[in-house]
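Colleague: would you be able to build a 3D model of this:
(chains A and B)
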Amino acid sequence: AQSVTQLDSQVPVFEEAPVELRCNYSSSVSVYLFWYVQYPNQGLQLLLKYLSGSTLVKGINGFEAEFNKSQTSFHLRKPSVHISDTAEYFCAVIRGGYNKLIFGAGTRLAVHP
Amino acid sequence: NAGVMQNPRHLVRRRGQEARLRCSPMKGHSHVYWYRQLPEEGLKFMVYLQKENIIDESGMPKERFSAEFPKEGPSILRIQQVVRGDSAAYFCASSPNVGVSNLNTEAFFGQGTRLTVV
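Modeller: Prediction:
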């Protein structure tokens, strides 16, 4: 079975500082990996995804993530955060042959001025 | 092209009542997924439906919960005899295709229905 672990439930950071949100997955087969962002009282918006090819994936809003197969990780990074990046971030994997997403518990990013 | 529409956005029910949550997928999408988000937790998969078919309901509680996606109209998630533990945000997502080869079309999420059982 696949599972997703987000190692940090909350990450506080100052504006313009870099940030890394960690995600590890467990799977015995090839996986497809996603990061979603959820703003307060909103639905989920796709930030980026890894399906195949280059292990460094660039997404919207200046975010990027690197797929590391040997460490089974897919950490999300941004070199300089803004107040508007304050939100909950979810890592997810696809299970099965369709868009059945298995989510991590989420990481709450709080950007302070 | 409107996104995934869920209604109502907020729903309050007393214990023992029924809750009906609606999801209209994006135009051209024929696949619907329901997820539940409990407070301080991630989203948990509940059910995957295509038009008139339930494909995967492995995340649905065995009792009181049901889902449908009729040929015409929105997908409905129905919770009978609600209890306080059903209080959560319920999200619907839709996609046009299935299969690994079509994963470039990701699932799009609605804004959710927040159910409160009092």
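Colleague: wait, residue A:94 sits on residue A:100?
Modeller: Yes - using Cβ atoms under 8 Å, residue A:94 is in contact with residue A:100, at 6.7 Å. Yep, even glycine has a C-beta here, placed from its N, CA and C like the rest.
Colleague: what sits against the residue most central in space within chain B?
Modeller: Central residue of chain B (Cα atoms, centre = their mean): residue B:34, 3.0 Å from the mean position. Residue B:34 sits next to B:23, B:46-47, B:49, B:67, B:75, B:77, B:90-92 when contact means Cβ atoms under 8 Å, 6 or more residues apart in numbering or on different chains.
Colleague: the same query, at a cut-off of 7 Å, please.
Modeller: Neighbour list for residue B:34: B:46-47, B:67, B:77, B:90, B:92 [criterion: Cβ atoms under 7 Å, 6 or more residues apart in numbering or on different chains].
Colleague: any idea of the pLDDT on the closest residue to it other than its chain neighbours?
Modeller: Closest residue to residue B:34 apart from its sequence neighbours, by Cβ to Cβ, 6 or more residues apart in numbering or on different chains: residue B:46 at 4.4 Å. According to the prediction, residue B:46 has pLDDT 95.
Colleague: for the residue nearest to residue B:32 when sequence neighbours are not counted, the count of nearby residues, please.
Modeller: Spatially, and ignoring its direct neighbours in sequence, residue B:32 is nearest to residue B:75 (4.4 Å; Cβ to Cβ, 6+ apart). Using other Cβ atoms under 10 Å in any protein chain shown, the number of residues around residue B:75 comes to 24.
Colleague: buried stuff in the helix or strand where the residue nearest to residue B:34 lies?
Modeller: Assigned by DSSP states H and E, residue B:46 falls within strand B:43-50. Buried positions in strand B:43-50, judged by neighbour count with 16 or more other Cβ atoms under 10 Å in any protein chain shown: B:43, B:45-49.
Colleague: ok, stretch B:83-93 next?
Modeller: By neighbour count on 16+ other Cβ under 10 Å, the buried set for stretch B:83-93 is B:86-93.
Colleague: would a markdown table of the residues you listed with secondary structure be doable?
Modeller: Formatted as a markdown table, the buried residues of stretch B:83-93 follow (DSSP: H, G, I helix; E, B strand; the rest coil):
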| residue | secondary structure |
| --- | --- |
| B:86 | helix |
| B:87 | coil |
| B:88 | strand |
| B:89 | strand |
| B:90 | strand |
| B:91 | strand |
| B:92 | strand |
| B:93 | strand |
